[in-house]
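Chemist: Sequence first, predicted model second:
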Amino acid sequence: MRKCVQWGALPLSVGITAALLTGCGWDGEGGESNGPPIVMGMTDEVSSLDPASGYDPGSWLVFNNVFQSLLSFPNGGTEPQPEAAEECAFTDESSRRFACTLREGLEFSNGNPLTSEDVKFSFERSLRIDDEHGPAAVMLSTIEEIETPDDRTVVFHLSQPDATFPQKIASGAGAIVDHREYPADALRTDGEAVGSGVYRLDSFSGQEAVFSVSPSYRGPARVQNSGMTMKLYDGDQEALKSALTAGEVDLAYRGLAARDIAELDMSAVSGQRGIKVVDGTSAEVMHLVFNLDDDTAGKLGVRQAIAHLLDRSALVRDVYERTAEPLYSIVPAGIVGHNTAFFEAYSDYPQPDKAEAALRAEGLTEPVELTLWGTPVRFGPGTVPALQHVAEQLNSSGLFRVSVRSVELEEYEQGMESGDYGAYVRGWVPDYPDPDNFTDPFFGEDNVLYNNYEPGRITEELIPRTAGESDRGQTVADFAELQHIVAEELPIIPLWQGRQYAVAAESINGLQWTLDASTVFRFWEISKTSRE
């Protein structure tokens, strides 16, 4: 039977009385397979199998199923529960010391025992490597020291208060690796992965990853299938759609074009094809980012004019077939502290007169020339069409002459980092469902935007104050102020908030348990009805 997950006041041997997160998961042995294997397809790339490097949706999908973290997000939940840990808690009032006790009998898929030494090694390794494409700088920067008093106890000492630390380590950034299998100061590059998660990775190539249920898994998951094969279509939406309709894959996740989802949904409603569309909540967002050192995008009047001309409703209708929703702030709906700062400042329909006034106040009397930069796969298949739609909106006002450029991901990332682009797109799939993850990675030190914005009060006062508040409801006022500052200074403009979609054969069940705001795609929740 399923046991409880609860908060309570209990004494810990490593510190003072603290709020304690406990949970015992499932009684009995873990990792028992149940039901036939499943084949899924997606167009996202898997950039790395090493948790010290991969910081993209495809890689984290692998991490969340192959590796364990100390904590994990239960389906539909935003509060982490014990995973590899038996219990975890802050052991001081300042949210700077966090202790966990591991479950007994943890093993990696290769049979090696998992102890506190592996936990310490995994975090220190990520921080030491500090890969430019990895999560360490954004997710683990507050770790100052890690102690392991015994084989089952891990104590994190943080450099500053960080109430979101449990959520950070419940993500792919907290994946635990076997210290015997991974080099301490370099990435693993042999195409293999060894974890203690629900699944083990049997094989991986650029076209396919094969997973089987790990018999050594110990944790809260109850497995509904006997394995997963993940076919990778490298951005080819048509190939994924064809494979789904031909029955070559049982389900498609991340990668179908919005028009295809809408078409398949209509077919499902009318009872054709034996296919169903399952949707769930998501906090995935898309922003238009401005380089404030750019001669054009660096002018506030230009950014204000763009904000006054955007028609988000038309964008999500015409490009995304209503599979996304207009977003009017940097913190999306469903996340604590969300407001509509951009709606209040710029309305929800184009206002050419206000856009023109903003440009004239900047001394600009001729149409503004600007290039919008994007990349075709990383942030979803609709990225370039969306930028083209935005360009058409701006150009139709007569106030802009906007073009769109698309380059491959490696060149795109280099261009952002070197400041080559004045305006460019940035998608974001959250690491954990908290407003901190929609603000600190964008405005904090070593942020992911590279747009030369000086955030001032945001990073000097608001983010540090919210980070130390364990009651997230008490952060609403500070996050509201932060969102209004962004709407006023316009280093970025939010465009849309997505929903998650999976399109599957009628024989596939359980997808509703794996499409939620945590963005953890849980293989183990998915089952397949055998044909008689």
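Modeler: Perfect, thanks for sending it. Residues are numbered from 1 along each chain as shown.
Chemist: Please give me every residue in contact with Phe342.
Modeler: Ala307, Tyr328, Ser329, Ala487, Ile493, Pro494 (C-beta atoms under 8 Å, 6 or more residues apart in numbering). (C-beta placed from N, C-alpha, C; glycine too.)
Chemist: Strands of the stretch 351-500 of the chain, residue ranges please.
Modeler: 368-374, 400-406, 423-428, 492-498, 500-505 (DSSP state E, counting those that start in this stretch).
Chemist: CA-only coordinates of the last one in CSV, if you can.
Modeler: Listed next in CSV are the C-alpha coordinates belonging to strand 500-505 (Å, rounded to 0.1, in the frame of the first residue of the first chain):
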residue,chain,number,x,y,z
GLN,A,500,1.8,19.7,-22.4
TYR,A,501,0.5,17.3,-25.0
ALA,A,502,1.0,13.6,-25.6
VAL,A,503,-0.7,11.9,-28.6
ALA,A,504,-1.1,8.2,-28.1
ALA,A,505,-2.8,5.0,-29.3
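Chemist: Check the offset of the following helix or strand past it from the chain's centre.
Modeler: Sequence order places strand 508-509 as the next helix or strand after strand 500-505, per DSSP states H and E. Relative to the centre of its chain, strand 508-509 is centred 24 Å away, using C-alpha atoms, centre = their mean, to the nearest Å.
Chemist: which helices and strands sit right next to strand 508-509?
Modeler: Where contact means 3 or more C-beta pairs under 8 Å, 6 or more residues apart in numbering; DSSP states H and E, strand 508-509 is packed against strand 527-528.
Chemist: neighbouring contacts of the strand it packs on?
Modeler: Asn34, Gly35, Pro36, Pro37, Ile38, Gln224, Asn225, Asp250, Ser507, Ile508, Asn509, Gly510.
Chemist: still on that earlier bit, save the contacts of Phe342 as TSV, and put in pLDDT too.
Modeler: TSV is the format used below for these (pLDDT from 0 to 100):
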residue	pLDDT
Ala307	98
Tyr328	98
Ser329	97
Ala487	98
Ile493	98
Pro494	98
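Chemist: what's the farthest-apart pair in the contacts of strand 527-528?
Modeler: Spatial extent of those (C-beta to C-beta) is set by the pair Asn34 and Asp250 at 16.0 Å.
Chemist: which one of those two has more residues nearby?
Modeler: A count of neighbours by other C-beta atoms under 10 Å puts Asp250 above the other of Asn34 and Asp250, at 21 against 12.
Chemist: For that one, list the residues it contacts.
Modeler: Ile38, Val39, Met40, Ala504, Ala505, Ser507, Ile508, Lys528.
Chemist: now do 7 Å
Modeler: Ile38, Val39, Met40, Ala504, Ala505, Ile508, Lys528 (C-beta atoms under 7 Å, 6 or more residues apart in numbering).
Chemist: didn't Gly444 look like it was pressed against Glu460?
Modeler: No: shown here, Gly444 and Glu460 do not form a contact pair, counting by C-beta atoms under 7 Å, at 11.0 Å.
Chemist: Have a look at the two and say which one is more surrounded.
Modeler: Legend: neighbour count by other C-beta under 10 Å for Gly444 and Glu460, higher for Gly444 (19 against 10).
Chemist: Now do the contacts for that one.
Modeler: Here Gly444 is in contact with Thr459, Ile463 (C-beta under 7 Å, 6+ apart).
Chemist: Next, find the distance separating it from Pro350.
Modeler: Using C-beta to C-beta, to the nearest Å, we find Gly444 at a distance of 33 Å from Pro350.
Chemist: now Glu284
Modeler: Glu284 is 25 Å from Pro350, by C-beta to C-beta.
Chemist: now do Ser527
Modeler: Distance from Ser527 to Pro350, by C-beta to C-beta: 47 Å.
Chemist: cool, Gln388 as well?
Modeler: 17 Å.
Chemist: Same question for Val249.
Modeler: 41 Å.
Chemist: Please compare these two by neighbour count and tell me which comes out ahead.
Modeler: Val249 (24 against 18).
Chemist: any chance you could map the helices in the stretch 151-300 of the chain?
Modeler: For the stretch 151-300 of the chain, applying DSSP state H, counting those that start in this stretch gives helices covering 165-169, 237-245, 258-269, 300-309.
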